[in-house]
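Trainee: let's see this in three dimensions:
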Amino acid sequence: MTTASRRLRILTWHVHGNYLYNLTQVPHDFYLLTDAERSTHYSGRSGTLPWGDNVHDAPLETVQDMPFDVVLFQSRDAWDEGQHRWLSAAQRRLPRIYLEHDPPQENPTDQRHWVDDPNMLLVQVTAFNALMWDTGDVPTRVIEHGVLPLSDARYSGELERGIVVVNNLGSRGRRLGLDVYREVAQQVPLTLVGMNSEQVGGAGEVPNAALPAEMARHRFFFNPIRYTSLGLAVIEAMMVGLPIVGLATTEIVSVIRNGENGVVDTRIERLVDAMAQLLADPAEARRLGEAARATALERFGIERFIADWRAALHLVTS
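Mentor: Residues are numbered from 1 along each chain as shown. Okay, here's the model as predicted:
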């Protein structure tokens, strides 16, 4: 059996649940490092996502005795400490991929990535991130997001409100747009959902499977984030059929086209005006939302994502 067709055993960490759920649609077996406390990044098959039969826990106490084909890193903690603490020397010599979820945090243009190994493959989730990181001689490729919708909810837009989906916005501050959200919320009715959103007047966390239907009732999706990867929540909202309004920063500017599938701008007053127009014109909101859904299906379909990941895994194991 060739490496392109054989089923791989991939060891990784539970870092971003929704991304991991989409990643595990790739037809390989995924083993998630798991401790007894189900602590951060070691929570295994946790949460409310409908994990498939190809997703398994890998208890820390037995992981060194388990056979794997690939180790997939998703955080600096796993790279700097986790692998040395929990994996055997032989496991640390396996084919390895580092999946970088974020743009550089310490300096937007001059931060050197901590993975400095030409035998690694560094996967970036957006072309913007790849542009901004200094990755030296480490082989790098971009695999854009792919989304398998968690429900068949479709846009209805009966609520004359926008929806904002950000986890822990109160503690993540300006980078995630706390000040932007507060400024806009004083002028436009918005529903903020996400973990600990109650701390800043939000509606709390919505279970993964229920989020598409909750988004569908709103007139538009607002993304207040200044500096991040293209959020999965944005793509999930597009899949439902919501028009997108957001800051014209990072990768979103390559996805949202003004007047076609949403509105992006760096001037908050322009965004507020656009939201007011969508609240006043449901037909226009639906038109933009239908185009947003078409964009998402074409660019972020799960089959393309699966094919890209299969190719990356074949590259490192061949």
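Trainee: list the buried residues of the lowest-mean-pLDDT helix or strand in the chain.
Mentor: Ranked by mean pLDDT, DSSP states H and E, the helix or strand of the chain with the weakest confidence is helix 169-172, at a mean of 92. Across helix 169-172, burial judged by 16 or more other C-beta atoms under 10 Å covers 169-170. C-betas here are computed from N, CA, C, even on glycine.
Trainee: which strands and helices lie in contact with the next helix or strand after that helix?
Mentor: Sequence-wise, the next helix or strand downstream of helix 169-172 (DSSP states H and E) is helix 178-185. Where contact means 3 or more C-beta pairs under 8 Å, 6 or more residues apart in numbering; DSSP states H and E, helix 178-185 is packed against helix 169-172, strand 190-193, helix 268-280.
Trainee: right, so the ones you listed: which one is the most enclosed?
Mentor: strand 190-193 (a mean of 21; mean count of other C-beta atoms under 10 Å).
Trainee: and it, what's its mean pLDDT?
Mentor: For strand 190-193, the mean per-residue pLDDT is 98.
Trainee: residues making contact with it?
Mentor: By C-beta atoms under 8 Å, 6 or more residues apart in numbering, the list of residues contacting strand 190-193 from outside reads 159, 161-166, 169, 181, 184-185, 200-206, 211, 214, 218, 222.
Trainee: secondary structure class for the residue lying closest to residue 296 once chain neighbours are set aside?
Mentor: Closest residue in space to residue 296, ignoring its immediate chain neighbours: residue 238 at 3.7 Å, by C-beta to C-beta, 6 or more residues apart in numbering. Put simply, residue 238 is helix when judged by DSSP: H, G, I helix; E, B strand; the rest coil.
Trainee: so what's residue 238 up against?
Mentor: 221, 244, 261, 292-293, 295-296, 300.
Trainee: pLDDT wise, what is it at?
Mentor: Taking residue 238 on its own, its pLDDT is 98.
Trainee: nearest spatial neighbour of the residue positioned nearest the centre of the chain, chain-adjacent residues omitted?
Mentor: The chain has residue 232 as the residue nearest its centroid, 4.0 Å off, counting by C-alpha atoms, centre = their mean. Sequence neighbours aside, residue 18 is the residue nearest to residue 232 in space, at 5.0 Å (criterion: C-beta to C-beta, 6+ apart).
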